[in-house]
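>>> Structure of the sequence below:
(chains A, B, C and D)
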Number of protein chains: 2
Amino acid sequence: MGITRVIGRQAERPPRKPGSNVTMEFKHQATVTLAEVAEAAGVGESTVSRVLRNHGSFSGKTRERVMAAVERLGYVPNRIAGTLASTGSRLVAFVIPSLSNIVFPDVLRGASAVLEENRYQAVFSVTDYDPGKEEALAAAMLAWRPAAVMLAGYEHTEGTVKMLRASGCRIVELLDLDGDALDIAVGFSNRAAGRESAAFLLRRGYRRIGYVGHDLNRDTRAGKRFSSFCETLDAHDAPLVAREILAGASSVENGRLGLERLLARTTDLDAVYFSNDDMALGGYFHCLAQGIAIPSKLAIFGYNGLDIGRVTPQPLSTIRTPRVATGQIAAQMVVANAPPQAVDLGFELIEGATA
Amino acid sequence: MGITRVIGRQAERPPRKPGSNVTMEFKHQATVTLAEVAEAAGVGESTVSRVLRNHGSFSGKTRERVMAAVERLGYVPNRIAGTLASTGSRLVAFVIPSLSNIVFPDVLRGASAVLEENRYQAVFSVTDYDPGKEEALAAAMLAWRPAAVMLAGYEHTEGTVKMLRASGCRIVELLDLDGDALDIAVGFSNRAAGRESAAFLLRRGYRRIGYVGHDLNRDTRAGKRFSSFCETLDAHDAPLVAREILAGASSVENGRLGLERLLARTTDLDAVYFSNDDMALGGYFHCLAQGIAIPSKLAIFGYNGLDIGRVTPQPLSTIRTPRVATGQIAAQMVVANAPPQAVDLGFELIEGATA
DNA sequence: GGTTTTTTTGGCAGCGCTACCAATTTGCTG
DNA sequence: CAGCAAATTGGTAGCGCTGCCAAAAAAACC
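Coordinates of the predicted model:
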């Protein structure tokens, strides 16, 4: 199983014919400016600007002449200059914890579609779930004077909050509603998700429940789910029996490993709650491999509602979160300059077949 | 299985206390400028600029005074203005086909880490595998005068190529080496991957081989793998027996569905090549669910080497591609302003247990 | 035809910063 | 302490565009 060979690496290609990149020494070769277009079209600069932005008034005749000149010279407007000259940019900054966790690409995907339609531009950076890094990256983002900054959740350093507040740009906190929004928040309640997950398992009659999770200090949303999950169990006199928390990010491998360890220590569990679907799939595979009957011998419950969980031989019992919609709504609110508010998109409990 | 309830959606929260967003009417409230910092520190503007960029010479004393003023006023440099004034920006533009296919988040992840270290900023947009959209989005990105534009593969419209060439910024083509690079290319050969996959299956003794894929016209890299896969089979007198190509993007669900359809039509296959691991996992799950023995009754081979494929009860036989490394190397080359070249990162064949 | 309106236009002052250059200060040497 | 080199510093002209205002042209009206 899994012996590996490195193949397919060929010799490096020779540098390409030099002709095409002699000018590459200089940053922006022969950049055509608006002034040149104006000159070529025989009109004033502001006229060109108006035509290109389709803003203000101008005759059809001049429009054609300007467009012809633009075409002929291959003019590409400089939005750096445009943004500086005008008020407010059309940049939206995303400061996200990770790109490995599919949650964030999903949010970006939803947002990006809306932003592109509205001629906004998305910029992003990745914090690795590190609040200090979030602060540094948020600062770097603000330097681009974005129209909005989108962040994950409510847990930010004091410095981050102060900086964002002072910036005057819109602040959007995503995927969490358990706390006070700085400005706009779009998502759902992780506490509610944890609670509903526990209630579901209890309803199904499971009483000896364990947990397999990843680093909760970093992923505070997973932490919120877990704590309200436990509270709900406690409230029903079926406290959590055992937990296994792995360092590092969530992954299928960690889920498998976590369940293996948990079962090695605790033999009489009847259900396990995982910090998310990646982890849960790992647990599911572990059971398949070990011949542990699901859900009769052990039930499995995840979080996120990934597509893959619907196609496994037994569909995964989980909670589906509106990740793409979160991105879409957030972007729409920024574009529309909506008033400060928290928007709850809710989530769905998928009963599946593993619990 | 899979009954679903919508829960967790609460009433919308009321707008927040107005005090904090009265100033929100104006775009950038009370923006502190470099001139104000200079004033406050009692030095010239250029001195502040030098200190902040740590460029040119200045005494330790002035450094302190400037930094104190920066701190006191909460100054955030305006990179829009900075970029306009200086030559060359520190923006890198990504024009990627998709965020659903984990390949691209992986590339972004690798690149983003390197770019952040070097104080570059990543901006992106998503083409949905549409060359026309790629052209439009590339044009939009060029308006930000990025230091480099990163694209997937070699297939671009004439207009895109012309525009990129004229822009004078670096052009990086990712994840494909089967063609001529415009400037820099980083990735591996998809043709080689298709060839090696076929060779592996033939070596293992499979002769009645089928294919399940997704829309190949859009994902040209998958198309290249498939065509060289078929060529290799032909060269060994074991031509492809059947194929099932699904419209739309690759997904686990489509993989399952594709294999189901393929097997309904063709009963005597001994192996199936999938367009990627997502599809292959779908096929794998189908076999698990249907009790089709793997690999004795049917072998499965994928592409990408996703982590999840290593944790399934039987590790997936596939080819692992260096996606994160592709992003890293690409970013490094841009940062270092490397000469035009094609860098082949190769790939690994993972024998796994499904073929 | 002469006005009054309305529509189109061009000029130009910045947006906030960097790059260049010249002026100033500091440090050394003999 | 003069005399010169080196290290610091400030002034200022743009970067390419937009926003404002006034001028010019076209349209509408009496």
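
>>> Could I get the contacting residues of A:Tyr206?
Contacts for A:Tyr206 (CB atoms under 8 Å, 6 or more residues apart in numbering or on different chains) come out as A:270-271, A:299, A:355. Heads up, the C-betas are built off the backbone N, CA and C, glycines and all.

>>> before we move on, what about A:Glu45?
By CB under 8 Å, 6+ apart, A:Glu45 lies in contact with A:34-35, A:38.

>>> mind checking how far it is from DNA strand D?
As judged by CB to the nearest atom of the strand, to the nearest Å, A:Glu45 and DNA strand D stand 5 Å apart.

>>> Kindly report the same for A:Glu260.
According to CB to the nearest atom of the strand, A:Glu260 stands 60 Å off from DNA strand D.

>>> how near is that residue to A:Ala222?
Plainly put, A:Glu260 is 20 Å away from A:Ala222 if you go by CB to CB, to the nearest Å.

>>> Between those two, which is the more surrounded one?
Between A:Glu260 and A:Ala222, A:Ala222 has the larger neighbour count (other CB atoms under 10 Å in any protein chain shown), namely 22 against 16.

>>> quick one: pLDDT of that one?
Looking at A:Ala222, its pLDDT reads 96.

>>> part of a strand, is it?
No. Counting by DSSP: H, G, I helix; E, B strand; the rest coil, one finds A:Ala222 to be helix, located in no strand.

>>> still on that earlier bit, pick the one among the contacts of A:Tyr206 closest to DNA strand D.
DNA strand D lies nearest to A:Ala355 out of the contacts of A:Tyr206, by CB to the nearest atom of the strand, at 55.9 Å.

>>> is it true that that closest one touches A:Asp270?
No. A:Ala355 sits out of contact with A:Asp270 when judged by CB atoms under 8 Å, with a separation of 9.9 Å.

>>> Quick check: nearest residue in space to A:Ala148, chain neighbours excluded?
Distance criterion CB to CB, 6 or more residues apart in numbering or on different chains; nearest residue to A:Ala148, sequence neighbours excluded, is A:Arg170 at 3.8 Å.

>>> And that neighbour, its phi and psi?
Note on A:Arg170: its backbone torsions stand at phi -70, psi 140 [degrees, to the nearest 10].

>>> OK, contacts around A:Ile102?
A:Ile102 touches A:278, A:304, A:306, A:323, B:102, B:105, counting by CB under 8 Å, 6+ apart.

>>> Could you work out the most separated pair of those residues?
Greatest spacing in the contacts of A:Ile102, by CB to CB: A:Asn304 and B:Pro105 (15.3 Å).

>>> residues near the residue nearest to A:Ala148, how many?
Neighbour count of A:Arg170, defined by other CB under 10 Å: 23.

>>> State the pLDDT value of it.
Listed pLDDT for A:Arg170 reads 96.

>>> and it, what does it touch?
Contact analysis of A:Arg170 by CB under 8 Å, 6+ apart lists A:147-149, A:183-184, A:334, A:337, B:24.

>>> Tabulate those residues in JSON lines, adding columns for neighbour count and distance to A:Leu201.
Output for these, formatted as JSON lines (neighbours: other CB atoms under 10 Å in any protein chain shown; distance: CB to CB, whole Å):
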{"residue": "A:Ala147", "neighbour count": "20", "distance to A:Leu201": "43"}
{"residue": "A:Ala148", "neighbour count": "23", "distance to A:Leu201": "38"}
{"residue": "A:Val149", "neighbour count": "28", "distance to A:Leu201": "37"}
{"residue": "A:Asp183", "neighbour count": "23", "distance to A:Leu201": "36"}
{"residue": "A:Ile184", "neighbour count": "23", "distance to A:Leu201": "33"}
{"residue": "A:Val334", "neighbour count": "26", "distance to A:Leu201": "38"}
{"residue": "A:Asn337", "neighbour count": "12", "distance to A:Leu201": "43"}
{"residue": "B:Met24", "neighbour count": "16", "distance to A:Leu201": "44"}
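
>>> So which of those residues are in helices?
Using DSSP state H, the subset of the contacts of A:Arg170 located in helices is A:Val334.

>>> Look over the contacts of A:Arg170 and name the one with the lowest pLDDT score.
B:Met24 (35).

>>> For the stretch 101-250 of chain A, which segments count as helices?
Listed in chain order, the helices of the stretch 101-250 of chain A (DSSP state H, counting those that start in this stretch) span A:103-117, A:131-142, A:158-167, A:190-203, A:220-235.

>>> And the pLDDT for the closest residue to A:Glu135 other than its chain neighbours?
Distances taken as CB to CB, 6+ apart place A:Thr160 nearest to A:Glu135, at 4.5 Å, with adjacent residues excluded. The model reports A:Thr160 with a pLDDT of 96.

>>> what's near enough to touch A:Thr160?
Counting by CB under 8 Å, 6+ apart, A:Thr160 touches A:131, A:134-135, A:138.
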